[in-house]
Each structure stands twice: as C-alpha cells, then as structure tokens.
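Participant: sequence first, predicted model second:
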Amino acid sequence: MKPLFVLLITFGLTLLVTLLFGGLNVGLSGRVAMFVMLVFTAIGHFKFTEGMMMMLPPQVPAKKAIIYITGILEIVLGVMLVLKDYITATGFALIAFFLVLLPANIHAAARKVNYEKADYTGKGLSYLWIRIPMQILFIWWVYYFAICNTN
C-alpha cells in the first residue's frame, strides 16, 4: 500500500505545483508521480534484498542480481518516463515490467513472504486482493499518463 500512497500524494502535489507555475499539467503530474513511486519501490530492492530474493521461485537463478537489476531498472524507467522523447516507449516497457512482476508477487503471497523482515510471516494469499488491483491500477496509470497523455 505504501507505493500507492506515494503515487497518489505525489500526483496531488505535482498537480498543485504545475497549476501554480504555468498551468495544470495532468500528464506530467501523472508521470512524475509514477517516477517518484518507482524510485521509492527501487529503494526496497537495495534495503530489503534478502526478503525480495525470497519472493522469487526457487528455480530462478542469480536472485540477488535480479533484485538489484530490477531496482536499477525501476529507477532508469522512472527517469525515462519524464524525458519527453522517451515517454511512449517507456510506457510500454513499464507495462511489460509490471506484468512480468506479477507472478513473483503471486508466488510471494502464496509463500507468505514478508520481504521487509525476510521471513514467512506475510499476509498470504489475502494480500492478492490488494496487490492485483493495485498492479492493474499501475498498468492503467502508465497507459493513461505515458501512452495516452504525453503532454
């Protein structure tokens, strides 16, 4: 839920800033909000590496490298999302990224992974009632603000 709060609070603040300094820019506000949220979630890849590694199925090799690479990828895609020449392509890449992450979230929920504690005391499958709609929201957000609304 923390990423959702970061996204929505940043969106509101960015809307206010764009309104005060040159006119309301909903597209930019949406992309900046996603950028900040991606940086926020990327920090977790470096702060909670061991727990995030537990989210991946056992057969996945090089778990630590994958966690670091996906954290870096979140930052890079976030930056590209606010660069005018890369908005649409980055939007499609982020949608694909979010879809690729979904199985890891499902696997982690099934195993009750608590990535912050790096143990198996998580909420379990009930977490998916929040996580899957939130993932769909993130996909819609990127589609709307990076593919449909590039101003």
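Facilitator: Ah, there it is. Residues are numbered from 1 along each chain as shown.
Participant: which residue is nearest the centroid of the protein?
Facilitator: The centre of the chain sits closest to residue 38, judged by C-alpha atoms, centre = their mean, with a distance of 4.7 Å.
Participant: ok, residue 76 to residue 150 distance?
Facilitator: Separation of residue 76 from residue 150 (C-beta to C-beta, to the nearest Å): 19 Å. Where C-beta positions appear, they are placed from N, C-alpha and C, glycine not excepted.
Participant: surely residue 96 is within a helix?
Facilitator: Yes - under DSSP: H, G, I helix; E, B strand; the rest coil, residue 96 falls within a helix.
Participant: report the separation between the nearest residue to the residue nearest to the centre of the chain once chain neighbours are set aside and residue 58.
Facilitator: Among residues not flanking residue 38 along the chain, residue 78 sits closest, at 3.6 Å (C-beta to C-beta, 6 or more residues apart in numbering). Separation of residue 78 from residue 58 (C-beta to C-beta): 30 Å.
Participant: got it, and residue 47?
Facilitator: Distance from residue 47 to residue 58, by C-beta to C-beta: 23 Å.
Participant: what does residue 109 give?
Facilitator: Counting by C-beta to C-beta, the gap from residue 109 to residue 58 is 16 Å.
Participant: helix or strand for the residue sitting furthest away from the middle of the chain, which one?
Facilitator: Most distant residue from the mean C-alpha position of the chain: residue 22, 28.5 Å away (C-alpha atoms, centre = their mean). For residue 22, there is no host helix or strand (DSSP states H and E).
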